[in-house]
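In: Fold the following.
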Amino acid sequence: MNKTYTYKKEFQLESGRKLSNLKIAYTTLGKLNSAKDNVIWITHALTANANPEEWWNGLVGKGKFFNPEKHFIVCANVLGSCYGTTGPLSKNADSGNAYHHNFPTITIRDIVGGHELLRQHLGIEKINTLLGGSLGGQQAVEWAIQQPEVFENLFLIATNAQHSPWGRAFNESQRLAIKADRTWF
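Out: I've put the predicted structure just below:
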């Protein structure tokens, strides 16, 4: 089920900037059991959204490994994306206009901060399995480092705890290609 949570206080970013009325789009599948020990939290990659059944249907769904008939599955859209969580197309409370290029730089730690707010909002104390690939794996690593007592299992795919110089150069080449597009501005 697709939902949106709005955090009414100012959300402090690692850069020092703040976001007002942070919106977090998320999906839940299944139900939390009475023991509250069936939570599967999926952190998604850069190009995905909050519905893992759409992009990970080989792993998530009825009769699949992560089955909503057995698990309470949560997936929150990452901060800064275009799929419902506050990002560059969101309204800037200060100006009344969309942020566009004025959207603040965010970090993995900022994204995880949004997930933590949602976890608290949902009243989830323990997460049986935290999983993610690529950018999602980076979120999972950071969150597990920050709060190891919350997670029973980590499931990391195609990710790293620190980028190599090659990885940083590859990401910079992608940013430069986007900025070279005359329609980007």
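
In: For this structure, which segments count as strands?
Out: Using DSSP state E, the strands of the chain run over residues 2-7, 11-12, 18-19, 22-29, 39-43, 72-76, 127-133, 151-157.

In: can you redo those strands as TSV with mean pLDDT, distance to Tyr99 and mean neighbour count?
Out: No exception for glycine: its C-beta is placed from N, CA and C like everyone else's. TSV is the format used below for the strands of the chain (pLDDT from 0 to 100; distance: least, C-beta to C-beta, whole Å; neighbours: other C-beta atoms under 10 Å):
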stretch	mean pLDDT	distance to Tyr99	mean neighbour count
strand 2-7	96	17	14
strand 11-12	97	14	16
strand 18-19	96	9	18
strand 22-29	97	12	21
strand 39-43	98	23	27
strand 72-76	98	20	25
strand 127-133	97	25	21
strand 151-157	96	31	15
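
In: Looking at the ones you listed, spot the one closest to Leu176.
Out: Leu176 lies closest, by C-beta to C-beta, to one member of the strands of the chain: strand 127-133, at 25.0 Å.

In: Mind listing what's buried along stretch 85-94?
Out: Neighbour-count burial for stretch 85-94 flags 85-87, 90, 92 (criterion: 16 or more other C-beta atoms under 10 Å).

In: mind giving me TSV with the residues you listed and columns for pLDDT?
Out: Shown next, in TSV, are the buried residues of stretch 85-94 (pLDDT from 0 to 100):
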residue	pLDDT
Thr85	97
Thr86	97
Gly87	95
Ser90	95
Asn92	92
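
In: Looking at those, spot the one nearest Trp55.
Out: Of these, the one sitting nearest to Trp55 (C-beta to C-beta) turns out to be Thr85, at 15.8 Å.
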